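Engineer: generate a structure from the sequence data that follows.
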Amino acid sequence: MISEKFLLGRGRHELSSEEKQVLEDGIESVRQVAARKQIVRAGDLIETSTLLLEGFVCRYMDDREGQRQLVAVHVPGDFVDLHAFPMKRLDHDIATLGPVKIACFEHRTLQSITERYPHLTQKLWFSTLLDAAMHREWIFRLGRLGAEGRIAHLFCELNARLEMVGMAADGRYMLPMTQPDLAEASGLTGVHVNRVLRALREKNLLTFKAGEVNILDRKALASVAEFEPQYLYGSRGE
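Structural biologist: Purely as a prediction, here's the structure:
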(Lines give C-alpha, C1' and ligand atoms only; values in the text may rest on other atoms or scores of the structure.)
Protein backbone atom coordinates (compact mmCIF):
# COMPACT_ATOMS: atom_id res chain seq x y z
CA MET A 1 0.00 0.00 0.00
CA ILE A 2 1.50 3.31 -1.13
CA SER A 3 0.35 5.42 1.82
CA GLU A 4 1.27 2.92 4.55
CA LYS A 5 4.09 5.03 6.06
CA PHE A 6 1.95 8.15 6.62
CA LEU A 7 1.82 8.75 10.41
CA LEU A 8 3.34 5.29 10.96
CA GLY A 9 4.75 4.98 14.47
CA ARG A 10 2.58 7.81 15.83
CA GLY A 11 0.54 5.64 18.21
CA ARG A 12 -3.12 6.64 18.39
CA HIS A 13 -2.54 8.96 15.42
CA GLU A 14 -1.81 6.09 13.03
CA LEU A 15 -4.35 5.63 10.24
CA SER A 16 -7.04 2.97 10.25
CA SER A 17 -7.35 0.57 7.32
CA GLU A 18 -10.29 2.60 5.98
CA GLU A 19 -8.35 5.87 6.21
CA LYS A 20 -5.38 4.36 4.41
CA GLN A 21 -7.68 3.19 1.63
CA VAL A 22 -9.25 6.63 1.29
CA LEU A 23 -5.79 8.13 0.84
CA GLU A 24 -4.82 5.34 -1.53
CA ASP A 25 -7.85 6.01 -3.72
CA GLY A 26 -7.07 9.73 -3.72
CA ILE A 27 -3.61 9.44 -5.28
CA GLU A 28 -3.54 11.22 -8.62
CA SER A 29 -0.07 10.06 -9.71
CA VAL A 30 3.17 8.53 -8.46
CA ARG A 31 6.45 9.98 -9.71
CA GLN A 32 10.15 9.32 -9.46
CA VAL A 33 12.33 12.42 -9.13
CA ALA A 34 16.11 12.48 -9.43
CA ALA A 35 18.47 13.76 -6.74
CA ARG A 36 19.01 17.49 -6.24
CA LYS A 37 15.93 18.55 -8.18
CA GLN A 38 13.51 21.31 -7.21
CA ILE A 39 9.93 20.07 -6.91
CA VAL A 40 8.22 23.21 -5.56
CA ARG A 41 9.28 26.79 -6.24
CA ALA A 42 8.44 29.56 -3.78
CA GLY A 43 5.60 31.75 -4.99
CA ASP A 44 4.31 29.39 -7.68
CA LEU A 45 0.63 28.44 -7.68
CA ILE A 46 0.33 24.87 -6.35
CA GLU A 47 -2.59 22.57 -7.17
CA THR A 48 -1.26 19.33 -5.67
CA SER A 49 0.30 18.20 -2.40
CA THR A 50 3.01 15.57 -2.11
CA LEU A 51 3.35 12.49 0.09
CA LEU A 52 6.97 11.32 0.25
CA LEU A 53 7.19 7.56 -0.34
CA GLU A 54 10.92 6.98 -0.71
CA GLY A 55 13.99 9.15 -0.22
CA PHE A 56 14.61 12.51 1.43
CA VAL A 57 13.60 16.06 0.54
CA CYS A 58 14.30 19.42 2.13
CA ARG A 59 12.56 22.73 2.47
CA TYR A 60 14.83 25.72 2.11
CA MET A 61 15.04 29.48 1.71
CA ASP A 62 17.72 31.57 -0.01
CA ASP A 63 19.05 34.91 1.14
CA ARG A 64 19.58 37.77 -1.31
CA GLU A 65 23.08 36.47 -2.08
CA GLY A 66 21.76 33.02 -2.95
CA GLN A 67 22.98 31.31 0.22
CA ARG A 68 20.65 28.49 1.22
CA GLN A 69 19.19 27.74 4.65
CA LEU A 70 17.52 24.37 5.14
CA VAL A 71 14.40 24.83 7.27
CA ALA A 72 13.16 21.22 7.25
CA VAL A 73 14.16 17.73 6.18
CA HIS A 74 11.44 15.26 5.25
CA VAL A 75 11.56 11.46 5.43
CA PRO A 76 9.29 8.81 3.89
CA GLY A 77 5.76 9.05 5.24
CA ASP A 78 5.80 12.84 5.48
CA PHE A 79 3.20 14.94 3.66
CA VAL A 80 5.81 17.39 2.44
CA ASP A 81 3.60 20.30 1.44
CA LEU A 82 0.14 19.55 2.80
CA HIS A 83 0.01 23.17 3.96
CA ALA A 84 -0.02 24.15 0.28
CA PHE A 85 -3.60 22.83 0.12
CA PRO A 86 -5.13 25.85 1.91
CA MET A 87 -2.28 28.27 1.20
CA LYS A 88 -1.90 27.64 -2.58
CA ARG A 89 1.55 29.27 -2.65
CA LEU A 90 4.57 28.63 -0.44
CA ASP A 91 7.16 31.06 0.88
CA HIS A 92 9.97 28.52 0.49
CA ASP A 93 11.35 26.04 -2.02
CA ILE A 94 11.30 22.24 -1.83
CA ALA A 95 13.98 20.03 -3.38
CA THR A 96 15.12 16.43 -3.34
CA LEU A 97 18.28 15.45 -1.47
CA GLY A 98 18.57 12.07 -3.16
CA PRO A 99 16.38 10.17 -5.63
CA VAL A 100 12.78 10.11 -4.38
CA LYS A 101 9.40 8.57 -5.07
CA ILE A 102 6.37 10.75 -4.39
CA ALA A 103 2.59 10.42 -4.50
CA CYS A 104 0.65 13.48 -5.66
CA PHE A 105 -2.81 14.47 -4.43
CA GLU A 106 -4.82 17.08 -6.29
CA HIS A 107 -6.19 19.74 -3.97
CA ARG A 108 -9.73 19.15 -5.21
CA THR A 109 -9.34 15.54 -4.02
CA LEU A 110 -8.09 16.69 -0.62
CA GLN A 111 -11.05 19.07 -0.48
CA SER A 112 -13.41 16.13 -1.01
CA ILE A 113 -11.63 14.05 1.63
CA THR A 114 -11.81 16.82 4.24
CA GLU A 115 -15.51 17.31 3.58
CA ARG A 116 -16.43 13.62 3.73
CA TYR A 117 -14.04 12.14 6.31
CA PRO A 118 -13.76 14.35 9.42
CA HIS A 119 -11.64 11.87 11.38
CA LEU A 120 -9.12 11.56 8.56
CA THR A 121 -9.16 15.35 8.31
CA GLN A 122 -8.02 15.49 11.95
CA LYS A 123 -5.12 13.17 11.05
CA LEU A 124 -4.12 15.42 8.16
CA TRP A 125 -4.34 18.41 10.48
CA PHE A 126 -2.21 16.56 13.04
CA SER A 127 0.51 16.04 10.44
CA THR A 128 0.76 19.79 9.83
CA LEU A 129 0.85 20.42 13.59
CA LEU A 130 3.65 17.86 13.81
CA ASP A 131 5.57 19.88 11.22
CA ALA A 132 5.05 22.96 13.40
CA ALA A 133 6.39 21.11 16.46
CA MET A 134 9.52 20.16 14.54
CA HIS A 135 9.96 23.74 13.36
CA ARG A 136 9.85 24.94 16.98
CA GLU A 137 12.48 22.37 17.92
CA TRP A 138 14.68 23.49 15.04
CA ILE A 139 14.41 27.10 16.28
CA PHE A 140 15.55 25.91 19.72
CA ARG A 141 18.36 23.86 18.15
CA LEU A 142 19.72 26.78 16.15
CA GLY A 143 19.12 29.42 18.81
CA ARG A 144 20.32 27.74 21.99
CA LEU A 145 22.71 24.90 21.14
CA GLY A 146 26.38 25.06 20.24
CA ALA A 147 27.82 23.54 17.09
CA GLU A 148 28.14 20.00 18.44
CA GLY A 149 24.66 20.15 19.92
CA ARG A 150 23.11 21.31 16.64
CA ILE A 151 24.64 18.51 14.60
CA ALA A 152 23.97 15.91 17.29
CA HIS A 153 20.34 17.01 17.58
CA LEU A 154 19.79 16.70 13.83
CA PHE A 155 21.16 13.15 13.79
CA CYS A 156 19.11 12.20 16.87
CA GLU A 157 15.91 13.56 15.36
CA LEU A 158 16.38 11.83 12.03
CA ASN A 159 17.19 8.56 13.80
CA ALA A 160 13.96 8.76 15.82
CA ARG A 161 11.84 9.64 12.78
CA LEU A 162 13.36 6.94 10.61
CA GLU A 163 12.91 4.32 13.35
CA MET A 164 9.17 5.06 13.28
CA VAL A 165 8.96 4.10 9.60
CA GLY A 166 11.33 1.13 9.79
CA MET A 167 14.31 2.82 8.14
CA ALA A 168 16.71 2.96 11.10
CA ALA A 169 17.81 0.30 13.56
CA ASP A 170 20.35 0.28 16.38
CA GLY A 171 21.31 3.87 15.59
CA ARG A 172 22.18 3.12 11.96
CA TYR A 173 20.58 4.68 8.90
CA MET A 174 21.39 6.00 5.44
CA LEU A 175 21.24 9.75 4.85
CA PRO A 176 21.92 11.40 1.46
CA MET A 177 23.13 14.66 2.98
CA THR A 178 26.55 16.18 2.39
CA GLN A 179 28.56 18.23 4.85
CA PRO A 180 27.42 21.43 3.07
CA ASP A 181 23.81 20.22 3.56
CA LEU A 182 24.46 19.71 7.27
CA ALA A 183 25.96 23.20 7.42
CA GLU A 184 22.88 24.71 5.77
CA ALA A 185 20.63 22.87 8.24
CA SER A 186 22.64 23.99 11.26
CA GLY A 187 23.73 27.57 10.62
CA LEU A 188 27.40 26.57 10.40
CA THR A 189 30.15 26.66 7.80
CA GLY A 190 31.23 23.52 5.99
CA VAL A 191 34.62 23.70 7.70
CA HIS A 192 32.95 23.90 11.13
CA VAL A 193 30.73 20.91 10.34
CA ASN A 194 33.81 18.88 9.40
CA ARG A 195 35.39 19.72 12.76
CA VAL A 196 32.21 18.82 14.63
CA LEU A 197 31.91 15.45 12.89
CA ARG A 198 35.54 14.71 13.74
CA ALA A 199 34.95 15.68 17.38
CA LEU A 200 31.85 13.48 17.66
CA ARG A 201 33.78 10.61 16.11
CA GLU A 202 36.75 11.04 18.46
CA LYS A 203 34.35 11.03 21.42
CA ASN A 204 32.92 7.72 20.16
CA LEU A 205 29.46 9.23 19.82
CA LEU A 206 28.79 9.04 16.09
CA THR A 207 30.28 8.37 12.67
CA PHE A 208 29.02 9.68 9.35
CA LYS A 209 30.72 8.30 6.26
CA ALA A 210 29.57 7.74 2.67
CA GLY A 211 26.00 8.60 3.60
CA GLU A 212 25.79 6.13 6.51
CA VAL A 213 25.07 7.35 10.03
CA ASN A 214 26.15 5.16 12.92
CA ILE A 215 25.24 6.44 16.39
CA LEU A 216 27.69 4.72 18.73
CA ASP A 217 26.34 6.01 22.05
CA ARG A 218 22.71 7.10 21.79
CA LYS A 219 22.37 8.27 25.38
CA ALA A 220 25.52 10.38 25.29
CA LEU A 221 24.69 11.86 21.88
CA ALA A 222 21.19 12.77 23.09
CA SER A 223 22.75 14.48 26.10
CA VAL A 224 25.00 16.61 23.88
CA ALA A 225 21.95 17.42 21.75
CA GLU A 226 19.60 18.07 24.69
CA PHE A 227 17.32 15.82 22.64
CA GLU A 228 13.95 14.81 24.04
CA PRO A 229 11.76 13.04 21.44
CA GLN A 230 8.33 13.93 22.87
CA TYR A 231 7.80 16.64 20.24
CA LEU A 232 7.75 13.90 17.58
CA TYR A 233 4.65 12.32 19.17
CA GLY A 234 5.81 8.76 18.62
CA SER A 235 4.05 5.69 19.95
CA ARG A 236 5.92 5.98 23.26
CA GLY A 237 4.80 9.56 23.76
CA GLU A 238 1.12 9.45 22.82
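
Engineer: packing partners for the one helix or strand L124 maps to?
Structural biologist: For L124, the host element (DSSP states H and E) is helix 118-144. Of the remaining helices and strands, those touching helix 118-144 by 3 or more Cβ pairs under 8 Å, 6 or more residues apart in numbering; DSSP states H and E are helix 17-26, strand 68-74, helix 107-116, helix 147-164. In this view, the C-beta of every residue, glycine as well, is placed from N, C-alpha and C.

Engineer: tell me how this structure divides into domains.
Structural biologist: Listed domain ranges for the chain are 11-136, 146-237 (source: automatic domain parsing).

Engineer: how about a markdown table for those domains, with distance to I2 and mean neighbour count added?
Structural biologist: What follows is the domains of the chain, written out as a markdown table (distance: least, Cβ to Cβ, whole Å; neighbours: other Cβ atoms under 10 Å):
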| stretch | distance to I2 | mean neighbour count |
| --- | --- | --- |
| domain 11-136 | 6 | 16 |
| domain 146-237 | 14 | 17 |
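
Engineer: wait, which of those is closest to E4?
Structural biologist: With Cβ to Cβ, the closest approach to E4 among the domains of the chain belongs to domain 11-136: 6.5 Å.

Engineer: next, the distance between the ends of that closest one.
Structural biologist: Chord length of domain 11-136, first to last residue, is 21 Å (Cα to Cα, to the nearest Å).

Engineer: now it, how far from the centre of its chain.
Structural biologist: Centroid separation for domain 11-136 versus its chain: 10 Å, with Cα atoms, centre = their mean, to the nearest Å.

Engineer: follow-up on the earlier one: what would the helices and strands packed on helix 118-144 look like in a markdown table with mean pLDDT and distance to E184?
Structural biologist: Formatted as a markdown table, the helices and strands packed on helix 118-144 follow (pLDDT from 0 to 100; distance: least, Cβ to Cβ, whole Å):
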| stretch | mean pLDDT | distance to E184 |
| --- | --- | --- |
| helix 17-26 | 94 | 32 |
| strand 68-74 | 98 | 5 |
| helix 107-116 | 97 | 30 |
| helix 147-164 | 99 | 11 |
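
Engineer: and those: which comes nearest A35?
Structural biologist: When these are compared by Cβ to Cβ, strand 68-74 sits nearest A35, at 14.3 Å.

Engineer: just checking, what packs against that closest one?
Structural biologist: strand 57-62, helix 118-144, helix 179-186.

Engineer: so how far is K203 from the residue sitting nearest the centre point of the chain?
Structural biologist: The centre of the chain sits closest to H74, judged by Cα atoms, centre = their mean, with a distance of 2.1 Å. Note on H74: its distance to K203, by Cβ to Cβ, to the nearest Å, is 29 Å.

Engineer: can you pull the contacts of S3?
Structural biologist: Counting by Cβ atoms under 8 Å, 6 or more residues apart in numbering, S3 touches 15, 20, 23-24, 27, 51, 103.

Engineer: turn those residues into CSV, columns for distance to W138.
Structural biologist: Compiled in CSV, the contacts of S3 are given as follows (distance: Cβ to Cβ, whole Å):
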residue, distance to W138
L15, 26
K20, 29
L23, 27
E24, 31
I27, 29
L51, 22
A103, 25
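
Engineer: right, I'll call it a day here.
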